[in-house]
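Visitor: After the sequence you'll find the predicted model.
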Amino acid sequence: MKILPLAALAAALLSTNMAAAAERTVTLNVANATCELCGPIVKRALNRVPGVLDVQITQKEDAAIARVRFDDSRADTAALIAATTNAGYPSRVEQ
């Protein structure tokens, strides 16, 4: 009979963690992304981060702007910045 209360507790904990997860959107200013091929490379790098739901790239003259929608229980801004930086395009959160 002790199994039932433990199962109920486990279910409650799991549902609490699932409820805390949320979709977030962040806008990154991506340096050095000035050519036609840069945007797709940045987009592919961001899409490879687990939890990323959507990436929209806008080219500017001296950089690119990446608008990234992600599940904050699986990804965070630091992981997104690391992904672009590792692809050769350092980024920062656009203010």
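Guide: Good, I have the coordinates. It should be emphasised that the depicted structure is a prediction, and the values quoted were computed from it without experimental measurement.

Visitor: Just after the helix or strand of the chain with the lowest mean pLDDT, pick out the following helix or strand.
Guide: Counting by mean pLDDT, DSSP states H and E, the weakest-scoring helix or strand in the chain turns out to be helix 3-20, with a mean of 56. Sequence-wise, the next helix or strand downstream of helix 3-20 (DSSP states H and E) is strand 23-31.

Visitor: ok, residues contacting that following strand?
Guide: Contacts to strand 23-31, defined as Cβ atoms under 8 Å, 6 or more residues apart in numbering, come from residues 38, 42, 53, 63-72, 77, 80-81, 84, 89-94. Backbone N, C-alpha and C define where each C-beta goes, glycine included.

Visitor: Please convert the buried members of the residues you listed into ChimeraX selection syntax.
Guide: Buried residues among the contacts of strand 23-31 (16 or more other Cβ atoms under 10 Å), as a ChimeraX selection:
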select :38,42,63,64,65,66,68,70,77,80,81,84,89,90,91
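
Visitor: which ones are touching A66?
Guide: With contact set as Cβ under 8 Å, 6+ apart, A66 has these partners: T27, L28, V30, V42, K43, L46, V55, Q56, I57, T84, S91.

Visitor: Go through those and flag which are in strands.
Guide: T27, L28, V30, V55, Q56, I57, S91 (DSSP state E).

Visitor: Determine which two of the residues you listed are furthest apart.
Guide: Using Cβ to Cβ, the ones in strands among the contacts of A66 span at most 14.2 Å, a distance reached by Q56 and S91.

Visitor: start to end distance for stretch 88-95?
Guide: In stretch 88-95, first residue to last residue: 22 Å (Cα to Cα, to the nearest Å).

Visitor: Repeat that for stretch 26-40.
Guide: Stretch 26-40 has its terminal residues 18 Å apart, counting by Cα to Cα.

Visitor: Give me the buried subset of the contacts of A66.
Guide: L28, V30, V42, K43, L46, V55, I57, T84, S91.

Visitor: I figured the fifth one hits Q56, correct?
Guide: The one in question is L46. No. In this structure, L46 is not within contact of Q56 by Cβ atoms under 8 Å, at 10.0 Å.
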